[in-house]
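A.B. asks: sequence plus the predicted model coming up.
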Amino acid sequence: MENKAHAIAAGVFVLGVAALLIALAVWLTRDTGGLRRYEIATRGTITGLLPQASVRYRGVKVGKVAEVNLDPRTPGQVLVLMDVEPDTPVTRSTYATLGYQGLTGIAFVQLDDSGESREPLQAAAGELPRIPMRAGFMEQWSRQGERLLGELEETARRVNQLLAPENQQALRKSIDALGEAAAAVPPALQQAGQSFDAMRSAAASVSASADRVRAAADDYAGVARRLQQPGGTLEQMQQGAGALASSGQALQQTSLPRLNRTLDDAGRTVRQLGRTAATLDDNPQALIYGPALGLPGPGEPGFAIPRGTR
């Protein structure tokens, strides 16, 4: 009886395993007629992407990868076929990237949309709809790493050139020159301190001069205020100028005409004295007998024609 019980248990176990295998086969070969097939073509590396990998649309699982093959028509290009649920909003602006699950390294296809178009993605006759693939985070990081390695290599090469023997000698000379310059800094600082002291003294002198100039300006301002105040010097000068102008006008109106007449009389007197002096000079007897009578002219009584003219 015990042997029969073991045989029955073994038979039940075998049947259970067979049922599980059949269920797995049915699940793996289930009908995919309700899914839509899309194609991805890329020249990038798709390490870790295997058939049956997940296809996600913005993180939501919408399908799986069916095949991963090389493109027989375009060397160097990889074709990825995937089956996606028909209600997935795949448009002309939809693109694919390669994502990785945590630290396991298992890759999956990540679909996303830039929102530039809402037109559903259509395929040409006899071809599958093709979704473009962009570089994922890991691929971008790999490219940046290659660029950084190239820059590090270039930096190392330049450092090696800088540390060449001739450059080391030039660097040593530069260091020596810097040491000499550093030794010359304290005297220069001392001279600079003396210059600053002189500048401070000059500034103090300028400040004192400015104070004196300010005091003189205040004095001049006081003088100007005194000159301009009512009854001050300017007003008195204006009054004196007005008085002089009035005196000149009165002199011009009264005294000047009299002075002009006096001068005219004096001129006539001087002319008469001149004629008298000339007469006395020619005929001194005129002082006693008076001036000589003039000769009669033509037509006058006693007129005689001079002899020389006959």
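C.D. replies: In hand now; what should we look at? Residues are numbered from 1 along each chain as shown.

A.B. asks: which secondary structure elements does the lengthiest helix in the chain contact?
C.D. replies: In the chain, with assignment by DSSP state H, the single longest helix is helix 165-228. Judged by 3 or more Cβ pairs under 8 Å, 6 or more residues apart in numbering; DSSP states H and E, helix 165-228 is in contact with helix 233-250. Where you see a C-beta, it was placed from the backbone N, CA and C, and this is true even at glycine.

A.B. asks: domain parsing for the chain?
C.D. replies: Taking automatic domain parsing as the reference, the chain has its domains at 32-135, 186-248.

A.B. asks: check those for me and report the most buried one.
C.D. replies: Among the domains of the chain, the stretch with the highest mean neighbour count (mean count of other Cβ atoms under 10 Å) is domain 32-135, at a mean of 15.

A.B. asks: quick one on the thing from earlier: quickly, which of the domains of the chain bottoms out on average pLDDT?
C.D. replies: Ranked by mean pLDDT, the domains of the chain bottom out at domain 186-248, with a mean of 71.

A.B. asks: ranges for the helices of the chain?
C.D. replies: 2-28, 137-162, 165-228, 233-250, 256-282, 286-289.

A.B. asks: can I get the domains of the chain in JSON lines with distance to residue 16?
C.D. replies: As requested, the domains of the chain are arranged in JSON lines below (distance: least, Cβ to Cβ, whole Å):
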{"stretch": "domain 32-135", "distance to residue 16": "25"}
{"stretch": "domain 186-248", "distance to residue 16": "96"}
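
A.B. asks: please identify which of those domains is closest to residue 24.
C.D. replies: domain 32-135 (12.3 Å; Cβ to Cβ).

A.B. asks: partner residues bridging residue 68?
C.D. replies: residue 80 (DSSP bridges).

A.B. asks: wait, it sits on residue 52?
C.D. replies: No - Residue 68 is beyond contact range of residue 52, at 10.2 Å (criterion: Cβ atoms under 8 Å).

A.B. asks: surely residue 122 meets residue 129?
C.D. replies: Yes - Residue 122 lies in contact with residue 129 (Cβ under 8 Å); the separation is 6.5 Å.

A.B. asks: noted, bye for now.
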